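In: 3D model of this:
(chains A and B)
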Amino acid sequence: MNESYKVISSSILFWFSQKKWFVYSVIISIFLLNLSTPVGLTVPAYHSLIILLLVFMLVTFEPIPFPAIALLTLVLQVVLGVAPPDVVASSFMNDAVLFVMGSLMFAIAIVHQGLDIRLAKLIIKIFGKSKRMFLAGLMTISAILSSFLGEHTVIAIMLPIGLSVIKNIDTQQADGKNAVLLTLFSIAYGTIIGSIGTPSGGARNVIMINYLQEFSNVSIDYWKWMKHAYPILIIQLVVAYFVLQFTFPSSLNNIKMRGFKKNVGKTDVKKNINHLFSCLIIIGIVSSWFAFNDIYGLGIIALAGALTFMIFGMISWEEINKNTNWGVILLFAATISLGFQINETGASSWLVLKFNELLATLPSNSMNVSWSIMAVLSGLTANFFTSSATVSLIGPMAIELHPTDISFALSSAIASGFSFLTVISSPTAMIIYSTGLVSTKMFFRVGILMFSISIIILYLMSQFYWVTL
Amino acid sequence: MKILIAIGGREFSKPTLDLGMKIANSFKSSTTIAYVGKKISQFSEKDVSVVHQNLDDRELYRPGIRTLEWAYDFLISKKYIEEKDSNKFDDYLLVDEENSRMKVLLKGQQSDKIDLIMRTGEIIEQLKNEVETNKHDITIIGGGGNKGIHQKLVQFIDSSVFVVKNYSVSKKYKILLPVNDSKGSDMAIETAINFAKSYKLNVEIVSVPEGKKSIEEVEKILKKTKEKFSKNRIKTSTKLIDGPTVNSIVNYAKDDSIVILGVSPKNPIMKYFFGSKPLSIAQKCNCPVLITK
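Out: Residues are numbered from 1 along each chain as shown, chains lettered A, B, ... in the order given. Got it, this is the predicted structure:
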């Protein structure tokens, strides 16, 4: 057989084996494009839903880089006649996108300051009386910080603390292994749970606030979100503590709480000043989110945080540029743009109509059923597709279900934050998984219990607490 | 000769590393020991990278390093490398060499024959890149786990692939060499001669009559192959076995066989979708199998 033929066919096969989901997604999309438009749906609306499906498949299986998916989403919106170029361009950038960009850069600047050493010292001081208290402290501090600074910042700060206390534990023994898992899961669950607490806890929260403002003219400020979400966070934390103690019983004898002692001793005056300045900037930004988010928007304030760190020379642009995930920013911008078009073209109304028709066939058709389906669907989709992308794509449908009742939109965004099932669902889960100490099966096994309980807590709070606000 | 040894978990990579190093030692070849870390979702890759940098700054092991440390300790215990105070593993540097590839540099390291590297991502893609960049001749990988990996490795990697299955240090092995008149078979013969010479192993040459081939033709192939070994003063025996090719060879191979096969001459597309005889043999045999390219 001709050698060059073998080389070429082998290269094509390798490309196919790596990109098969791209090929399948394109084939499915072309097939759908050739079907007749469903009744009640305009051609642009139908095409926007096909792009939505394509994006879901590409983001889930990652056959091509995220920036490529983002560009493809923009190109297809124009080429398939979903919206004219100017409309697509204007929906590409808004406060939610600025928030994603700003919070990622702000996170890098914070992590760069090495605050983990100081935080470890603080946690030991407050919670150091017993090892169980220390783990509860890790979880609580992770949750509080994550609720304001976002998951990716907090997990980057807290993981070294966690790993230093479990550094030399023998994982061959059940007791040691459970101590390791208990420590890692305490940090992970604290961080994940915390991210629902305030709008700045996660990009999905800001995206939903943005959609509510645009589609329903409903404004939710920082306080209002906190009043709805923080009680859920507190209940979830207590539940998570007991779930983890029950799942990973351990004597904790191997945990060495003062693993950071040596490093803490190394801090000098320059570092102290640096840490003090960092804390002031963080407090300033969080306070601004509380006080000025109506005027300046959450995104601009987050950008101001990163800007302040750069102006004071506490981080270089090169460092921020190297560690910022520009692909994710582009992808969120493109999916938010698609979310707007799904709403504008009437595709979300059509989907909700079909959803309600489906509900009408069920024996008990009530608000509770539609709420439950929407919340569980949001939570599950987020676990297989990541939370922020889920909200940016299915958020318009959640709002459309009950445009005047914010409990649907809030529940959808909060349920999207229950990333307990898969390791791809959030940066926290992926970082914990990347340590090699937690398997995907283990994550799911513990997560399924936590996910179910969280949905029940959310339901009860939306029924009995939110109505009192 | 350049050898790439892919390791995964610690305990089940022991036979792979052991056999791999024996081969590397007998051929005096430079060796790369590679650990391929878990693929990170694009959503989190930068976050994970920031966390790992943070761990390095705190002198905490980043994921994967523990496996390489285990490999390093194993090499020392088997005296493949000599440990001195100046090159202890706790005193390592992780050097970013290119995208997804990191090299563990032991300060004061004397030997440039053995490299410890870590890659992150999809295993086939990473091993393919490693082989292409560093021109490895043999890739050695464990026999456990997903069998699809072995098929893809044989299909896409530009080196011979040695699947180490059910290997025991205490066993005395012999080479089982199935031959026919293909080009791939000629390469397998060359490799078997080198292995037998370096290792002082006995060789059993077998052939199965396929298609319209007569017994006489097959015997002629066996005789011709035997002569090649005789010229190199290697002890051989020959055997003509009957039946369906794959099952006959799989049944004939024993636990103490190292099967050396040539790559199939079949169209790559057909191989991808329908497999090939060498691949089926490699998957079904319960002993180490080397597919030469």
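
In: state the distance from residue A:409 to chain B.
Out: From residue A:409 across to chain B, the span is 23 Å (CB to the nearest CB, to the nearest Å). Backbone N, C-alpha and C define where each C-beta goes, glycine included.

In: so residue B:261, which of the three states?
Out: strand (DSSP: H, G, I helix; E, B strand; the rest coil).

In: so what's the residue count around the residue of the stretch 51-200 of chain B found nearest chain A?
Out: Relative to chain A, the nearest point of the stretch 51-200 of chain B is residue B:63 (4.2 Å; CB to the nearest CB). Using other CB atoms under 10 Å in any protein chain shown as the criterion, residue B:63 is surrounded by 22 other residues.

In: and it, how far is that from residue B:284?
Out: Residue B:63 sits 34 Å away from residue B:284, going by CB to CB, to the nearest Å.

In: from what I can see the residue of the stretch 51-200 of chain B closest to chain A touches residue A:438, true?
Out: No. With contact defined as CB atoms under 8 Å, residue B:63 does not count as touching residue A:438 (10.5 Å).

In: ramachandran angles for residue B:162?
Out: For residue B:162, the backbone dihedrals are phi -110, psi 110 (criterion: degrees, to the nearest 10).

In: is it true that it touches residue B:139?
Out: Yes. Using CB under 8 Å, residue B:162 is in contact with residue B:139, at 7.0 Å.

In: you'd agree residue B:290 is in a strand?
Out: Yes. Looking at residue B:290 with three-state DSSP, it is inside a strand.

In: if we can go back for a sec, and the residue of the stretch 51-200 of chain B closest to chain A, what does it touch?
Out: Residue B:63 makes contact with A:434, A:435, A:436, B:37, B:38, B:52, according to CB atoms under 8 Å, 6 or more residues apart in numbering or on different chains.

In: and with 7 Å instead?
Out: A:434, A:435, A:436, B:37 (CB atoms under 7 Å, 6 or more residues apart in numbering or on different chains).

In: now do residue B:240
Out: Residue B:240 touches B:207, B:215, B:218, B:219, B:222, counting by CB under 7 Å, 6+ apart.

In: a markdown table please, covering those residues and showing pLDDT.
Out: Formatted as a markdown table, the contacts of residue B:240 follow (pLDDT from 0 to 100):
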| residue | pLDDT |
| --- | --- |
| B:207 | 90 |
| B:215 | 83 |
| B:218 | 84 |
| B:219 | 88 |
| B:222 | 90 |
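
In: give me the subset of these that lies in helices.
Out: Among the contacts of residue B:240, DSSP state H puts B:215, B:218, B:219, B:222 in helices.

In: where does chain B dip in pLDDT?
Out: Across chain B, the ranges flagged by pLDDT under 70 are B:10-11, B:85-87, B:91, B:98-99, B:107-112, B:145-147.

In: which stretches of it form helices?
Out: Counting by DSSP H, chain B has helices at residues B:14-26, B:45-57, B:65-77, B:123-134, B:147-156, B:183-199, B:215-231, B:245-252, B:268-274, B:277-284.

In: next, format those as JSON lines and append distance to residue A:184 and mean neighbour count.
Out: Output for these, formatted as JSON lines (distance: least, CB to CB, whole Å; neighbours: other CB atoms under 10 Å in any protein chain shown):
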{"stretch": "helix B:14-26", "distance to residue A:184": "27", "mean neighbour count": "20"}
{"stretch": "helix B:45-57", "distance to residue A:184": "12", "mean neighbour count": "21"}
{"stretch": "helix B:65-77", "distance to residue A:184": "15", "mean neighbour count": "19"}
{"stretch": "helix B:123-134", "distance to residue A:184": "24", "mean neighbour count": "19"}
{"stretch": "helix B:147-156", "distance to residue A:184": "28", "mean neighbour count": "19"}
{"stretch": "helix B:183-199", "distance to residue A:184": "45", "mean neighbour count": "19"}
{"stretch": "helix B:215-231", "distance to residue A:184": "56", "mean neighbour count": "15"}
{"stretch": "helix B:245-252", "distance to residue A:184": "44", "mean neighbour count": "18"}
{"stretch": "helix B:268-274", "distance to residue A:184": "40", "mean neighbour count": "16"}
{"stretch": "helix B:277-284", "distance to residue A:184": "36", "mean neighbour count": "21"}
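
In: thank you kindly, that will do.
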